[in-house]
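**Q** Predicted structure and sequence below. I'll ask about it afterward.
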Amino acid sequence: MPVYEYFCDECKKVYEIEQRISEEPIRICPKCGSGRFKRIISPTSFVLKGSGWYKTDYTDYGKTRKKEEKEEKAKVDKND
């Protein structure tokens, strides 16, 4: 279940509230009861794992791929 961040303009607090995606956003602050309570956009916390996600992976892949292509071409030329 996703965790959404809400901000209350009245008490100036940020709340993390677990809700289903299908639920309507909360409109009333649970602390002070103000109607000036809104969902805010916050940074996500996912991590990209494995190869292929980093600049160095792409560079290494390109070098490796070019080397493989040269070797393959040399084999084809040698067999002709």
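**A** Good, I have the coordinates. Remember, it's a predicted structure, so these values are computed and weren't measured experimentally. Numbers count the residues shown, from 1 in each chain.

**Q** burial count for residue 37?
**A** 22 (other CB atoms under 10 Å). C-beta coordinates here come from the backbone N, C-alpha and C atoms, glycine included.

**Q** tell me the phi and psi of the closest residue to it other than its chain neighbours?
**A** Nearest residue to residue 37, sequence neighbours excluded (CB to CB, 6 or more residues apart in numbering): residue 29, at 4.3 Å. As for residue 29, its main-chain torsions (degrees, to the nearest 10) stand at phi -70, psi 130.

**Q** Can you tell me how far the residue minimising distance to the centre of the chain is from residue 2?
**A** The structure's the chain has its C-alpha centroid closest to residue 46; by CA atoms, centre = their mean the separation is 4.9 Å. Remark: distance between residue 46 and residue 2 (CB to CB, to the nearest Å) = 12 Å.

**Q** one step back: which SS class is the residue nearest to the centre of the chain?
**A** Here residue 46 is coil, with the state taken from DSSP: H, G, I helix; E, B strand; the rest coil.

**Q** Can you report how many residues neighbour residue 42?
**A** For residue 42, the count of nearby residues is 13 (other CB under 10 Å).

**Q** quick one, strands of this structure?
**A** Secondary structure of the chain (DSSP state E): strands located at 3-8, 14-18, 37-40.

**Q** wait, what's in contact with residue 38?
**A** Contact criterion CB atoms under 8 Å, 6 or more residues apart in numbering gives 6-7, 9, 25 as the residues in contact with residue 38.

**Q** How is the protein divided into domains?
**A** The chain is divided into the following domains under automatic domain parsing: 3-40, 47-80.

**Q** Reformat these as JSON lines; add mean pLDDT.
**A** Output for the domains of the chain, formatted as JSON lines (pLDDT from 0 to 100):
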{"stretch": "domain 3-40", "mean pLDDT": "91"}
{"stretch": "domain 47-80", "mean pLDDT": "69"}
